[in-house]
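Student: structure here, sequence nowhere to be found:
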């Protein structure tokens, strides 16, 4: 199991010095925020320590301290919460590769997550009360209300709302009444502290700051190393804390994007081949007006062939890397490697199309030169 960074002698640093003083945000040598002032944390000062893998080890705010232990897959396995003299332990059990627990051992009781029709969190069963509480979510995936399974119930158990970055609004349940699942709760993102701090996959997310506490483990996964969802939390999402993606990403959408990429490259190949045939047909076999005569060979033929070959390889790579067989995993934010491969291929596709246009332009210039030469009687 990874060791807490504190055992390795991490040295704290303070950044953000300004003419009026310091912002008070403290980082360690690895760029991880270890102390976040209350004005940025949505409550009191947020103190955080980390494992050597950058995963959260301990987190304290407003008299509540959470300590996490990890399993072999680097998911949170156990949470020890200390609030005053009261200590509680939760042990998380998983039914697959997801980082959302299937059920939680509370010692003398347990809770079980019941998925809805679409696979998101639909209800929670509590063995202590023998109740099933429905988790009612909006289109963004936020749990905005809870309801009893009693058919005679006439009121909701709780109601809550959030802004686009996940900040709890006035009127939400507070303190011990803060629901475990709120903003993006239907995606099994847990609210760990009353201020709204959320465990977002491999990183802790602070709604009041609109940023993560640690650097993005995936280079280029978002607009910068700390911000959330490229600054657009309405249309984008980053459930795993790794790669920002469009919220509506789905198997169908993935297929459409794949087909668009293929059509673009295929059109470029067709255009390039047509221009190459035209240039070959128009070129003269001999330069009679030049001393010694001789044959005219078409410039850039090797470059043309290489571009065509690269484009054809790109089409094959698109089929392999952006296939939608993993769209279900992608929707949960876990397949960030696949997303990065697709992103690199998209960049390669742009370069290929640029190369096609460049070569086609050269062929067009050649055709123009040959036309002028023919008019002047050189060939």
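Tutor: All right, it came through fine. Being a predicted model, the structure only gives us computed values, none of them experimental.

Student: tell me the strands beside the host helix or strand of residue 59, with direction?
Tutor: Here residue 59, judged by DSSP states H and E, is contained in strand 56-61. With DSSP bridges as the criterion, the sheet partners recorded for strand 56-61 are strand 46-50 (antiparallel), strand 64-70 (antiparallel).

Student: dump those strands to a markdown table, plus distance to residue 119.
Tutor: All C-beta atoms are positioned from the backbone trio N, CA, C, and that covers glycine. Output for those, formatted as a markdown table (distance: least, CB to CB, whole Å):
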| stretch | distance to residue 119 |
| --- | --- |
| strand 46-50 | 31 |
| strand 64-70 | 25 |
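
Student: nearest to residue 156, of those strands?
Tutor: Closest to residue 156 of the strands paired with strand 56-61 is strand 64-70 (CB to CB; 26.2 Å).

Student: can you pull the buried residues of the closest one?
Tutor: 64, 66, 67, 68, 70 (16 or more other CB atoms under 10 Å).

Student: my guess is the first one meets residue 86, correct?
Tutor: No. The criterion here is CB atoms under 8 Å, and residue 64 misses it with residue 86 at 10.0 Å.

Student: distance-wise, check residue 230 relative to residue 222.
Tutor: Summarising the geometry, the distance separating residue 230 from residue 222, computed by CB to CB, to the nearest Å, is 5 Å.

Student: can you pull the residues that touch both of those two?
Tutor: Counting by CB atoms under 8 Å, 6 or more residues apart in numbering, the residues touching both residue 230 and residue 222 are residue 244.

Student: ok, back up a step: tell me the mean pLDDT over the strand holding residue 59?
Tutor: Strand 56-61 shows an average pLDDT of 96 in the prediction.

Student: give me the contact list for that strand.
Tutor: The set of residues that contact strand 56-61 without belonging to it, under CB under 8 Å, 6+ apart, is 4-6, 41, 43-51, 65-68, 192-193, 195, 197, 199, 203-204, 213.

Student: neighbour count winner among residue 230 and residue 222?
Tutor: Here residue 230 and residue 222 are compared on neighbour count by other CB atoms under 10 Å; more neighbours surround residue 222, at 21 against 15.

Student: what sits against that one?
Tutor: Contacts for residue 222 were tallied using CB under 8 Å, 6+ apart; they are 216, 228, 229, 230, 238, 243, 244.

Student: ok, and the closest non-adjacent residue to it?
Tutor: Of all residues beyond its chain neighbours, the one nearest residue 222 is residue 244 (4.2 Å), with distances taken as CB to CB, 6 or more residues apart in numbering.

Student: what is the neighbour count of that neighbour?
Tutor: Residues lying near residue 244 (other CB under 10 Å) number 24.

Student: contacting residues around the nearest residue to residue 128 once chain neighbours are set aside?
Tutor: With sequence-adjacent residues excluded and distances taken as CB to CB, 6+ apart, residue 128 is closest to residue 109, at 3.8 Å. Remark: with contacts taken as CB under 8 Å, 6+ apart, residue 109 is in contact with 126, 127, 128.

Student: now, which of the residues you listed sits nearest residue 178?
Tutor: The shortest approach to residue 178 among those belongs to residue 126, at 16.4 Å (CB to CB).

Student: I figured that closest one hits residue 111, correct?
Tutor: Yes. Counting by CB under 8 Å, residue 111 is a contact partner of residue 126 at 5.2 Å.

Student: more neighbours: which of the two?
Tutor: Between residue 126 and residue 111, counting by other CB under 10 Å, residue 111 is the more crowded of the two (18 against 15).

Student: list the beta-bridge partners for the more buried one.
Tutor: In beta-bridge terms (that is, DSSP bridges), residue 111 pairs with residue 104, residue 126.

Student: spit out the contact partners of it.
Tutor: 103, 104, 124, 125, 126, 127.

Student: how about 7 Å then?
Tutor: 103, 104, 124, 125, 126 (CB atoms under 7 Å, 6 or more residues apart in numbering).

Student: also residue 229?
Tutor: The neighbourhood of residue 229, defined by CB under 7 Å, 6+ apart, consists of 222, 236, 237, 238, 244.

Student: residue 196 now?
Tutor: Per CB under 7 Å, 6+ apart, neighbours of residue 196: 42, 166, 167, 168, 183, 207, 208.

Student: who wins for neighbours among the residues you listed?
Tutor: Of all the contacts of residue 196, residue 183 has the most neighbours under the rule other CB under 10 Å, reaching 28 neighbours.

Student: separation between that one and residue 100?
Tutor: In this view, residue 183 and residue 100 are 15 Å apart by CB to CB.

Student: what does stretch 127-143 rub up against?
Tutor: Outside of stretch 127-143, the residues within contact range by CB under 7 Å, 6+ apart are 109-110, 120-125, 144-149, 157, 162, 179, 181-187.

Student: gap between the residue nearest to residue 222 and residue 238?
Tutor: For residue 244, the distance to residue 238 equals 5 Å [CB to CB].

Student: confidence score at the residue nearest to residue 212 when sequence neighbours are not counted?
Tutor: With sequence-adjacent residues excluded and distances taken as CB to CB, 6+ apart, residue 212 is closest to residue 203, at 4.4 Å. Confidence at residue 203, expressed as pLDDT, is 95.

Student: give me the distance between residue 274 and residue 267.
Tutor: Distance of residue 274 to residue 267, given as CB to CB: 11 Å.
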